[in-house]
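1. My questions are about this predicted structure, shown below with the sequence.
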Amino acid sequence: MLLNNKISLSFFIKNILRQALLIFLFANLIVLLKLYSPLVLVIPITIAVILGTCIALLLAFRTNQAYDRWWEARTAWGAIVNDSRSLIRQLQMFLTEEPDNESLLHSFVERQCAWCFVLGDTLRGQDITDRLHKFLPLSDQQRVNRSTNKPNAILLDHGLAIRRLYQNQQLTDFQMVQLSTTLNNLTDSMGRCERIKSTVFPRTYTFNMQVFIYLFATILPFCFDSIHYLLDVPLVTLLSSAFILIEKSAIQLQDPFENQPTDTPMTTIAQKIEADLKSMTAYPTSPAKQITQTYYSL
Amino acid sequence: MLLNNKISLSFFIKNILRQALLIFLFANLIVLLKLYSPLVLVIPITIAVILGTCIALLLAFRTNQAYDRWWEARTAWGAIVNDSRSLIRQLQMFLTEEPDNESLLHSFVERQCAWCFVLGDTLRGQDITDRLHKFLPLSDQQRVNRSTNKPNAILLDHGLAIRRLYQNQQLTDFQMVQLSTTLNNLTDSMGRCERIKSTVFPRTYTFNMQVFIYLFATILPFCFDSIHYLLDVPLVTLLSSAFILIEKSAIQLQDPFENQPTDTPMTTIAQKIEADLKSMTAYPTSPAKQITQTYYSL
Amino acid sequence: MLLNNKISLSFFIKNILRQALLIFLFANLIVLLKLYSPLVLVIPITIAVILGTCIALLLAFRTNQAYDRWWEARTAWGAIVNDSRSLIRQLQMFLTEEPDNESLLHSFVERQCAWCFVLGDTLRGQDITDRLHKFLPLSDQQRVNRSTNKPNAILLDHGLAIRRLYQNQQLTDFQMVQLSTTLNNLTDSMGRCERIKSTVFPRTYTFNMQVFIYLFATILPFCFDSIHYLLDVPLVTLLSSAFILIEKSAIQLQDPFENQPTDTPMTTIAQKIEADLKSMTAYPTSPAKQITQTYYSL
Amino acid sequence: MLLNNKISLSFFIKNILRQALLIFLFANLIVLLKLYSPLVLVIPITIAVILGTCIALLLAFRTNQAYDRWWEARTAWGAIVNDSRSLIRQLQMFLTEEPDNESLLHSFVERQCAWCFVLGDTLRGQDITDRLHKFLPLSDQQRVNRSTNKPNAILLDHGLAIRRLYQNQQLTDFQMVQLSTTLNNLTDSMGRCERIKSTVFPRTYTFNMQVFIYLFATILPFCFDSIHYLLDVPLVTLLSSAFILIEKSAIQLQDPFENQPTDTPMTTIAQKIEADLKSMTAYPTSPAKQITQTYYSL
Amino acid sequence: MLLNNKISLSFFIKNILRQALLIFLFANLIVLLKLYSPLVLVIPITIAVILGTCIALLLAFRTNQAYDRWWEARTAWGAIVNDSRSLIRQLQMFLTEEPDNESLLHSFVERQCAWCFVLGDTLRGQDITDRLHKFLPLSDQQRVNRSTNKPNAILLDHGLAIRRLYQNQQLTDFQMVQLSTTLNNLTDSMGRCERIKSTVFPRTYTFNMQVFIYLFATILPFCFDSIHYLLDVPLVTLLSSAFILIEKSAIQLQDPFENQPTDTPMTTIAQKIEADLKSMTAYPTSPAKQITQTYYSL
């Protein structure tokens, strides 16, 4: 997630540089073609207005849909925060105050932290060995590693641990089913993230967008009555680049799990969950929050 | 679902070819009519702007609604992924660790996989015999085949199997009802897909759209002061085709179960569910994921 | 619901004929007034653009809201399909396999079908005597007929039948309450339909729309520099009629229970529910689906 | 709620009269200023187009948000209808058929009706003494009157009555909790209405809107090349008034509990609930529905 | 929250003063540059229309998204009102009428009030010592103060108090789990507020907006045929400032927990919750509501 205070301008420019250059060369080509072409055509500039309005509208809706994906991803992680806290509070409410139960509770806290970090790293396609090593006992690490879907395997471990509590009669029938509902909620949040990650935003959108922007860049130079090289090329480049800038911003928002500065800050959220859960269950030491030095947090 | 990396341009062109040709011929007709008509009318070009703005707005909203249908279809299948995992995890939590229960669990996994594949194929209007043959015992295949709604019949089998467990006292009252709630969720997702499949997008929309686009194509040639055959025909064709391109893209999105490249990738999702469920229940061999060679996945 | 394959053009034209004629006469009036008025005013055509943009925007949003109502009505009926199936499956899961229970189950199926058909016909303001006669025993028919809200009375009968099962100890406490939750869902869907039916779409919208369209039709003729009777009247009529066409389409969508071709196909859905429920409970004969000959289904 | 059939035109005009007059005077002022000012400035009319587009867009979104508030208010009252019916049906399902229970059920019906009417009147800031007197016994009336939140106090009475049933063992543990869930739903609907009532629509919106409309009215007269008093003043007045008409319509929709013709028809809905609940519980006489003579219902 | 009756104009002006001045200086710079530059370029004014339309659209969508954040924050606090009432009513329904239970109930009321005030103050980054001191016993104050997340610690105390009731057999299994569900709802509302607070609105939006507005301010002076210093500078300043005014209004709405006049009125809502809960549980004295003297409430 891009933070509010400090942000590098280069981040924005780097994003559209390649496309802006392309548009610049393209604009030169069209203007030169117009200068040296035998028959001079003048297209009414209102045609450019129609195209411009159309591009603006499509861009606005596209930005809106990209924003919705981004916000849904953030909401899914917000739900993970809520359900993590609820899960641990429910366990504290349902289990009796025996000394054994404290270490039991800690094992749930650690497994939950593991799940949060592993889910984030899996979505980003990163290695999870360190995360597993930090939070889980060795046998669990191996079982999780063998699974085709690591976060799901950890949730299953949660479920089996709850089953053991139920079979030892530490949980009533109803309490166990209630905890299973909380696990279902976590499954749903995980599934939402996976859905956003695995669903490519309709390709046709991007294609249509490009068709319109290049059509606009082609027609615009023909709309000026007189020909000013110094006016036509910068104007076409600036306007088209401005459209591409918005399109690029939308593309960044629409894929929030790609290990980029514009990502949903999953690692930061997972650290917050870890601090909260450990604070709830009276852990001896709580991890110091690292201060981010960059203009974004992950 | 169209994939991100490789996409054939011909796919896009093929889609609007017929309509673009129609518009091209129509534009020729109008321009010729204008050239040889006795009285020459000049329509102010701002009329074309009003029409263009109107078309752009209607297209933007239409695309939005088509996108919402597409996204709802994808969300319904995301919910199917979640509830499939939850169903199997709940069964693992509720059943005791007896050797019999493992094969019992496997029968649930297979029935769930059957349901996913059969739902996908039924929505696409494809033959399901092979799917049933792969996952279900013979007697179940026959019962499902006799039903008017195949996926619903499989869900009913889930329900009856849960009832047998309850009557054998392998499930408590509350656990059984909780599993029934998970089945209700699957019923809801199935119903959402059927609703999207069976609800024709309002015909009046498409009709109004065409009225506006052809009105635009008719008026535009009359808006140019002078007559350039080489300018008028391409411009009218390009602009109108661009509008039709967006309209066609919306039509593809709005019907996501038609066995087309732009479909919701139901088969891929069902394969993922199969892999996950088998991984959860320690199946001996897990199916190798096939690599798709095309620019889309189904 | 308008179907996809065959649609009569006359349906569309019939809809706007009266208004289009009005606009046509109105345009004639204004153009004649302009021809014979002593002082000739020329309004800049950009004023018409501002009005046109405003109309286009308001129409787009209005269409959107009408679509949302239409889609909510369809979604409510989708939920009725889901909950009907879930209700019967739950009863099959909860009741034991005694011979008596089969006829009991059939009575629930019939009452549920009665509810679906009666709800649809009540929303359309049609007679329900035949529906009741087909599905319900005589005493129930009379009780339902006496009620101020027929579908609600049938749901209440469902509830009382479930209470009898509970008092005969054929259902546990928890199962009974779970079935009551499913009845609540059906109550909610019924309430959503009633809400859409009884809530008039804000009258002010239609009024504002008409103010703008007639303002547009009044101003447009004054925007042309020269006066061409053959140009002004058709243009004003066509553009204004196109706006009215969209407005009319929205009005059709916004009221989906008015016994019109654009209705939510409640009868078709109820027939599908009947077929599904009878297939689930092994009815001897299932009704042959009637083939619709028209361009719409109800 | 404005009804469909008969509507007084004066209702619309009365609404914008004061503002339209203001705009009319303002337009006169600007045009006179322009006539007698020493230096004549001509502003390109496209500036007015930019402003007009901006106003149209802001108005469209504002109308949309006002509509959403209005629709949410209506939906909350739709939920109240559903939950009222569900509450009474659940009580009928859970209580045994003893003679005492009928009068008990009637007391719940009356308290529920009281709650609906009192909630509506409280939201409108009206006196509720008559409502309480009609439905509640004297002791309850006093307790409710002492409370800071009258509808909430009635819901609490529901809760305490259910507790008495539970303590007399007329309800099981689970049934009691289920009824408590239905009370929570009613609490939620009440809270939604209170939220809409107490949340002032962002003041900045109205302010920005006015800034733009007056800027538009100021600039527009300077955009005409020649000066026609008879053209400029009416055009500026009409266009600006049309914008204000839409803004006013939005303002009416956004506050649906202000005892105005455009209100959510809470009294009508409460009467319908009363009729339905009494029909469900076999009341001796049911109240005759009053016929509304006006163009709206409350 | 800004209130309806009295509002200071200075509030609006103060907000955009710095940016408006910047635009004013910038406009002077561009116009002077244009006056004394060797080559005079005239840009077609339709380019400004395209840019203006684009800015208007982006602003409209941005305002919409900011409004959605603001409304979601208000909705979360509405849910807190509902769940606070439901929590206390449920406790009153579940606990028996013993003298001890009254003081017990009061302790829950006070802890719930503490939670509401502490949540509001924590979101605004304010000191909470006084709030804790007013509502909680000393030992609880210390425990809450040690926690990394204060409101979450108070919810945990709720949970542990409910566990004590359960272990003393004052609550059944099912009642306890039901109360735990209400706590989960409160956790969810808290999490929604935290999510809105901690999620920076996409920076790229603000950046793109500024790019477009400054591009517009740069191009606009070149669009006037003749050069009027007194016309160009005010027009450019006014139009650009109007755009910035809307952008600023959106920014205020999008961050509703920043201790500003446009905040969600969390303190006012918490006071209302306190009054309602104390009225429900027959507190001896209820706090007099303070009258706000300003044009907003917090």
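-> Received, thanks.

2. Can you report phi and psi for A:Asp127?
-> The phi/psi pair for A:Asp127 (degrees, to the nearest 10) reads phi -70, psi 140.

3. That one and B:Ala275, how far apart?
-> Distance from A:Asp127 to B:Ala275, counting by C-beta to C-beta, to the nearest Å: 21 Å. C-beta coordinates here come from the backbone N, C-alpha and C atoms, glycine included.

4. The one residue in chain A that gets nearest to chain C: neighbouring residues, count only.
-> Chain A approaches chain C most closely through A:Thr53 (8.9 Å), counting by C-beta to the nearest C-beta. Applying other C-beta atoms under 10 Å in any protein chain shown, we find 24 residues neighbouring A:Thr53.

5. before we move on, what about A:Leu277?
-> 27.

6. Grab the nearest non-local neighbour of it.
-> A:Val109 (4.7 Å; C-beta to C-beta, 6 or more residues apart in numbering or on different chains).

7. and the helix or strand that contains the one you found, how far from the chain's centre?
-> Taking DSSP states H and E as the definition, A:Val109 sits inside helix A:99-123. Helix A:99-123 sits 23 Å away from the centroid of its parent chain (C-alpha atoms, centre = their mean, to the nearest Å).

8. other SSEs contacting that helix?
-> Where contact means 3 or more C-beta pairs under 8 Å, 6 or more residues apart in numbering or on different chains; DSSP states H and E, helix A:99-123 is packed against helix A:45-94, helix A:129-135, helix A:150-167, helix A:173-198, helix A:266-280.

9. Can you name the residue of the stretch 101-250 of chain A nearest chain D?
-> A:Phe174 (9.6 Å).

10. In contact with that residue, which residues are there?
-> Applying C-beta atoms under 8 Å, 6 or more residues apart in numbering or on different chains to A:Phe174 gives the contacts B:174, E:173-174, E:177.

11. Mean pLDDT for the helices and strands packed on helix A:99-123 - can I get that in CSV?
-> Below are the helices and strands packed on helix A:99-123 laid out as CSV (pLDDT from 0 to 100):
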stretch, mean pLDDT
helix A:45-94, 92
helix A:129-135, 90
helix A:150-167, 94
helix A:173-198, 94
helix A:266-280, 93
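
12. is it true that the residue of chain A closest to chain C touches B:Ile55?
-> No. Contact criterion C-beta atoms under 8 Å: A:Thr53 and B:Ile55 do not qualify, at 9.7 Å.

13. Which residues of the stretch 151-298 of chain A lie near chain E?
-> By the rule C-beta under 8 Å from any C-beta of the partner chain, the part of the stretch 151-298 of chain A lying against chain E is A:172, A:174-175, A:178, A:182, A:223-224, A:228, A:230-231, A:235, A:238-239, A:242-243, A:245-246, A:249, A:252-253, A:262, A:275-276, A:279-280, A:286.

14. what about burial for the residues you listed, which qualify?
-> By neighbour count, with 16 or more other C-beta atoms under 10 Å in any protein chain shown, those hold A:172, A:174-175, A:178, A:182, A:223-224, A:231, A:235, A:238-239, A:242-243, A:245-246, A:249, A:252-253, A:262, A:275-276, A:279-280 as buried.

15. Does the residue nearest to A:Leu277 touch A:Ser279 like I think?
-> No. The criterion here is C-beta under 8 Å, and A:Val109 misses it with A:Ser279 at 10.3 Å.

16. Got phi/psi on A:Thr148?
-> Note on A:Thr148: backbone dihedrals following degrees, to the nearest 10 are phi -70, psi -30.

17. any idea how far A:Gln142 is from the residue lying closest to it once chain neighbours are set aside?
-> Nearest non-adjacent residue to A:Thr148, counting by C-beta to C-beta, 6+ apart: B:Ser279, 4.3 Å away. Taking C-beta to C-beta as the measure, B:Ser279 falls 14 Å from A:Gln142.
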